[in-house]
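Visitor: I need the structure of the sequence given here:
(2 chains)
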Protein chains: 2
Amino acid sequence: MLLVVKSGGARALEEWRASFAKHRPGLEVVQWDDSKADQADYALVWEPDAGRFQAMPNLKLVISAGAGVDHILTDADYPRHVPIARMVPEETAVIMSEFVLSMTMMLLTDIPALITAQAQRQWLRAPAARGIRDTRVGVMGMGRMGAATAALLKQTGFEVAGWSNSPSEVPGVQSFAGPEALDAFLGRSDILVCLLPQTAATEGILCADTFARLPKGASLINVGRGPHMVQQDVLAALDSGQLHRAVLDVFDVEPLPESSPLWSHPGVVITPHCAATPGREARVRYAATLIDALESGAALPHLYDWARGY
Amino acid sequence: MLLVVKSGGARALEEWRASFAKHRPGLEVVQWDDSKADQADYALVWEPDAGRFQAMPNLKLVISAGAGVDHILTDADYPRHVPIARMVPEETAVIMSEFVLSMTMMLLTDIPALITAQAQRQWLRAPAARGIRDTRVGVMGMGRMGAATAALLKQTGFEVAGWSNSPSEVPGVQSFAGPEALDAFLGRSDILVCLLPQTAATEGILCADTFARLPKGASLINVGRGPHMVQQDVLAALDSGQLHRAVLDVFDVEPLPESSPLWSHPGVVITPHCAATPGREARVRYAATLIDALESGAALPHLYDWARGY
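Guide: Below you'll find the predicted structure:
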């Protein structure tokens, strides 16, 4: 069985191969420009060249290397009898939780200051980390992603609380529910993580009034949606010292325009909407489940539907 | 009871006060230049102005804000009947373990790439993190620091192994012991953490031969000692792709000379020997135990001895 891959370039091939060898032994993996590529049974692709799939008579399934499939649909000669699967691994909540842990640890150790100092060949004097046990994290939004994030932070040793509409039940994580509990929740949160869904009630919730109720010098991690955040309020809170740092993954307009003042603010860390992006190994694990399902005749999840257009 | 503080400047005062209020309620905390400062019972200081202590008749103990005390001894008028305590909190192993967790998560999320892209106002395309469960960490040196680090990484979800002279026993952490086990240990380590003591046997252990036995594209975190590392071998392994990144906290010469090629190598992250530096809250916790001990007549640990000179 042969899988052709076009994602990450030639440098990534070795990694794809090692991961497939682990999760789908026996599957041969070749690069997009390999002479055997046209014999492929499966394809894992990002921005495939138009017309290429038509030359692959054995093709049973095309797996997008990302959640979107537009980069495949632009091929006018796409053979429509070959199903297209979106990359939507079940472990998205785990991926999100690990991203938030990484950003939280980054704030404790002040990695941005270390990297900026290094760029100037400057040996900082004794930068000191904040301790895990001395840091209270507050997670706004305790759905699947929020609960997974709160659980991982708790497991690592943080003092964690969650805020949501109805009480949440994650072992060891304090639950605050409803608007009347927001004040108490914010007052005990040294790092505030936004994982809320976007609704009329949550739009603009990351505003001056909210920041003012955090302990002075708290930090923000927004991995919810861009419209949760009032940009000028974030900048003002950073400038006044009410916020120490803001880690922003989502924005009203993406990619974030080059002219945005967020790029260069010393208190801001920009991450390009990558909090829930699966790594290669997670993608391989998911692709292997799709191939297994197809080979055993089971239904495939998250297929693109040409009639519905999504 | 009054404590005067000189560390971190005026901006840090609020943080010192909040921490002391938590760990030593009732202790009044004032800044070095406060009009009440000369009435202090205790002092927590970094680089105090010479002659000032002589004007503090009530002073019972001077606590250095760091492990060293040279910055106090340079005061020729120091009142030698007042003991000087070094900052050597028992929780150093915890601080080290959290630093290594932070650096490990940084490698998984590739924070240096994110920060470099931000400096260029560049929205990276879908950078993907490596998963915790897909990452095998190997800790060289399983003394107090190594064991604490392995335990925290394990608790967070990593697959962890330790390598040491004699077998180690950290729950859930695979133990490799002795030179004959080194190959197997290295072969399964995606991230190699050096926490070895410096001995004739361990000097230069982070060399080409060691790197060659790691999986291709592994990363290194050296928080042991500078001489563990053969600098040109680290640079060569990074250039060949055998190593993906090297996080270096310790060096043969510190501060690292401005002319060092390590500063500007894209695969290197320099941290200024800060892996085990306690944060303000940890220092306050320790200072509080010293004050409690002195007030209750107990013996104080880690006092400077003028006769011995250390």
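Visitor: C-alpha from now on. contacts and neighbour counts both.
Guide: OK.
Visitor: looking at the stretch 201-310 of chain A, which residue is nearest chain B?
Guide: Proximity of the stretch 201-310 of chain A to chain B (CA to the nearest CA) peaks at A:Gly279, 4.6 Å away.
Visitor: surely that residue is in contact with B:Ala129?
Guide: Yes: between A:Gly279 and B:Ala129 there is a contact under CA atoms under 8 Å: 4.9 Å.
Visitor: ok, those two, which is more surrounded?
Guide: B:Ala129 (27 against 18; other CA atoms under 10 Å in any protein chain shown).
Visitor: up against chain B, what does the stretch 101-250 of chain A have?
Guide: Neighbours of chain B within the stretch 101-250 of chain A, by CA under 8 Å from any CA of the partner chain: A:101-102, A:105-106, A:109, A:112, A:114-115, A:118-119, A:121-132, A:134, A:152, A:155-156.
Visitor: now, of those residues, which are buried?
Guide: With burial judged by 16 or more other CA atoms under 10 Å in any protein chain shown, the buried subset of those is A:101-102, A:105-106, A:109, A:112, A:114-115, A:118, A:121-123, A:126-132, A:134, A:152, A:155-156.
Visitor: which residues of the stretch 1-150 of chain A fall in strands?
Guide: A:2-6, A:28-31, A:42-45, A:61-64, A:84-85, A:136-140 (DSSP state E, counting those that start in this stretch).
Visitor: report all helices and strands that the second one contacts.
Guide: Counting by 3 or more CA pairs under 8 Å, 6 or more residues apart in numbering or on different chains; DSSP states H and E, the packing neighbours recorded for strand A:28-31 are strand A:2-6, helix A:13-23.
Visitor: and the shortest one, what's buried?
Guide: It refers to strand A:2-6. A:Leu2, A:Leu3, A:Val4, A:Val5, A:Lys6.
Visitor: tell me what angle it forms with helix A:13-23.
Guide: 140 degrees (axes from the mean of the first three to the mean of the last three CA atoms, to 10 degrees).
Visitor: what sits up against strand A:2-6?
Guide: Residues from elsewhere that reach strand A:2-6 (CA atoms under 8 Å, 6 or more residues apart in numbering or on different chains): A:13, A:27-32, A:37, A:39-48.
Visitor: what's the neighbour count on A:Ala141?
Guide: Quick fix: residue A:141 is Gly, not Ala. Count around A:Gly141 with other CA under 10 Å applied: 24.
Visitor: pLDDT score for it?
Guide: What the model reports as pLDDT for A:Gly141 is 97.
Visitor: so the closest residue to it other than its chain neighbours, which state does it fall into?
Guide: Excluding its sequence neighbours, the residue lying closest to A:Gly141 (CA to CA, 6 or more residues apart in numbering or on different chains) is A:Leu196, at 4.2 Å. Classification of A:Leu196 by DSSP: H, G, I helix; E, B strand; the rest coil places it in coil.
Visitor: now do the same contact list for A:Leu196.
Guide: Counting by CA under 8 Å, 6+ apart, A:Leu196 touches A:Met140, A:Gly141, A:Met142, A:Gly143, A:Gly146, A:Thr202, A:Gly224, A:Arg225.
Visitor: now swap in A:Glu169 and tell me
Guide: Per CA under 8 Å, 6+ apart, neighbours of A:Glu169: A:Ser175.
Visitor: show the pLDDT at A:Ala126.
Guide: On the pLDDT scale, A:Ala126 gets 62.
Visitor: just checking, what packs against whatever helix or strand A:Asp183 lives in?
Guide: Assigning secondary structure by DSSP states H and E places A:Asp183 in helix A:182-187. For helix A:182-187, the elements it packs on are strand A:159-164, judged by 3+ CA pairs under 8 Å, 6+ apart.
Visitor: ok so, going back, out of the helices and strands packed on strand A:28-31, which is closest to A:Val62?
Guide: strand A:2-6 (9.6 Å; CA to CA).
Visitor: quick one: strands adjacent to the closest one?
Guide: Sheet pairing of strand A:2-6 (DSSP bridges) gives strand A:28-31 (parallel), strand A:42-45 (parallel).
Visitor: just the C-alphas of the last one, formatted as PDB.
Guide: Below are the C-alpha coordinates for strand A:42-45, written out as PDB (Å, rounded to 0.1, in the frame of the first residue of the first chain):
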ATOM      1  CA  TYR A  42      -3.600   7.400  -0.400                       C
ATOM      2  CA  ALA A  43      -2.500  11.000  -0.400                       C
ATOM      3  CA  LEU A  44      -1.700  13.300   2.500                       C
ATOM      4  CA  VAL A  45      -1.500  16.800   1.100                       C
END
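Visitor: what mean pLDDT does the host helix or strand of A:Ile291 get?
Guide: According to DSSP H and E, A:Ile291 maps onto helix A:280-295. On average, the pLDDT along helix A:280-295 is 94.
Visitor: so for that helix, what gets flagged as buried?
Guide: Buried-residue list, helix A:280-295, by 16+ other CA under 10 Å: A:Arg280, A:Glu281, A:Ala282, A:Arg283, A:Val284, A:Arg285, A:Tyr286, A:Ala287, A:Ala288, A:Thr289, A:Leu290, A:Ile291.
Visitor: what's the angle from that helix to helix A:13-23?
Guide: Going by the same axes, to 10 degrees, helix A:280-295 makes 50 degrees with helix A:13-23.
Visitor: list the helices and strands helix A:280-295 packs on?
Guide: Counting contacts by 3+ CA pairs under 8 Å, 6+ apart, helix A:280-295 packs against helix A:13-23.
Visitor: for the helix it packs on, packing partners?
Guide: strand A:28-31, helix A:280-295.
Visitor: for chain A, just list every one of the helices.
Guide: For chain A, helices defined by DSSP state H occupy the ranges A:13-23, A:70-73, A:92-109, A:111-119, A:144-156, A:182-187, A:208-212, A:231-240, A:280-295.
Visitor: between the ones you listed, which gets nearest to B:Glu258?
Guide: Closest approach to B:Glu258 among these (CA to CA): helix A:111-119, 10.1 Å.
Visitor: report the inter-axis angle for that closest one versus helix B:92-109.
Guide: Using the same axes, to 10 degrees: helix A:111-119 against helix B:92-109 is 80 degrees.
Visitor: elements contacting helix A:111-119?
Guide: Right, helix A:111-119 is packed against helix B:111-119, strand B:268-270 by 3+ CA pairs under 8 Å, 6+ apart.
Visitor: other residues contacting the first one?
Guide: This means helix B:111-119. The contact list for helix B:111-119, computed with CA under 8 Å, 6+ apart, reads A:Pro112, A:Ile115, A:Trp263, A:Ser264, A:Val269, A:Ile270, A:Thr271, B:Met106, B:Trp123, B:Leu124, B:Val269.
Visitor: from those residues, which has minimum pLDDT?
Guide: By pLDDT, B:Leu124 ranks lowest within the contacts of helix B:111-119, coming in at 88.
Visitor: pick out the shakiest of the helices and strands packed on strand A:28-31, pLDDT-wise.
Guide: Among the helices and strands packed on strand A:28-31, helix A:13-23 carries the lowest mean pLDDT, a mean of 93.
Visitor: which positions in it come out as buried?
Guide: Under 16+ other CA under 10 Å, the buried positions of helix A:13-23 are A:Leu13, A:Glu15, A:Trp16, A:Arg17, A:Ser19, A:Phe20, A:His23.
Visitor: in CSV, list those residues along with distance to B:Ser296.
Guide: Formatted as CSV, those follow (distance: CA to CA, whole Å):
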residue, distance to B:Ser296
A:Leu13, 66
A:Glu15, 61
A:Trp16, 63
A:Arg17, 65
A:Ser19, 61
A:Phe20, 64
A:His23, 62
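Visitor: looking at the helices of chain A, which is nearest to A:Glu254?
Guide: Within the helices of chain A, the stretch nearest A:Glu254 is helix A:231-240; the backing value is 14.0 Å (CA to CA).
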